[in-house]
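[1] Provided below are the primary sequence and the corresponding predicted coordinates.
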Amino acid sequence: SAVISQKPSRDICQRGTSLTIQCQVDSQVTMMFWYRQQPGQSLTLIATANQGSEATYESGFVIDKFPISRPNLTFSTLTVSNMSPEDSSIYLCSVNGLAGGGGDTQYFGPGTRLTVL
Amino acid sequence: QKEVEQDPGPLSVPEGAIVSLNCTYSNSAFQYFMWYRQYSRKGPELLMYTYSSGNKEDGRFTAQVDKSSKYISLFIRDSQPSDSATYLCGTGTASKLTFGTGTRLQVTL
């Protein structure tokens, strides 16, 4: 498995501001994903972070609202822009394709709990 | 219709009971089947994964997949209070997993 860390672990933000969440993996991975988990709902994929190219967004999510960077094989950021209370959620980073094995199994980070006032 | 359906529970069982958690899915192209355990305020932890129909056992946990009926199950034997958590099923392809809403399990003393 991989050790995945996220920063910050939680934050309380004001409406209209932006927050950047960092995801760091202790080994190189092929794919990195960003999910949102709202209370009582399933994990919803926001986008796949592609190394060296633009992220691939799922239906209902756009780059202007959720810009993503992935500068290398171990690090990615997700920005939640121009936040509203509806953006209050847990944001999770996940990875698969661990270098040296692990196949297609997907591992999750600890999550970032965001509250927007 | 959701691609993955999972009863949200809550499911309450006494310690030592056998627990059965289930999901159904609609897309016959799904090839990967995973179960995650999520404790409160933590990220999902991978419990079991399989790529084929049949059973896969790991300690007290057994994952079962029936592709013909698009039905996946997780069995927990000799359940413990430490098993109290939300269990998420995930299925899909190598590049995208779709998850159920999770079943909240409570194992009581």
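    Arrived safely.
[2] bridging residues for B:Pro14?
    B:Thr108 (DSSP bridges).
[3] can the helix or strand of chain A with the lowest mean pLDDT be found next to chain B?
    In chain A, no helix or strand scores lower on mean pLDDT, DSSP states H and E than strand A:89-98, which sits at a mean of 89. Yes. Using CB under 8 Å from any CB of the partner chain, strand A:89-98 reaches chain B at A:Leu92, A:Asn96. Backbone N, C-alpha and C define where each C-beta goes, glycine included.
[4] which strands border that strand, and is each parallel or antiparallel?
    strand A:29-37 (antiparallel), strand A:107-108 (antiparallel), strand A:112-116 (antiparallel).
[5] contacting residues around it?
    A:1-2, A:4, A:6, A:21, A:23, A:25, A:27-38, A:43, A:46, A:76, A:78, A:80, A:102-109, A:111-114, B:43-44, B:94 (CB atoms under 8 Å, 6 or more residues apart in numbering or on different chains).
[6] so among those residues, which ones count as buried?
    Neighbour-count burial (16 or more other CB atoms under 10 Å in any protein chain shown) is assigned, among the contacts of strand A:89-98, to A:2, A:4, A:6, A:21, A:23, A:25, A:29, A:31-37, A:43, A:46, A:76, A:78, A:80, A:102, A:104-109, A:111-114, B:43-44, B:94.
[7] tabulate the strands paired with strand A:89-98 (CSV), appending mean pLDDT.
    Shown next, in CSV, are the strands paired with strand A:89-98 (pLDDT from 0 to 100):
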stretch, mean pLDDT
strand A:29-37, 92
strand A:107-108, 92
strand A:112-116, 97
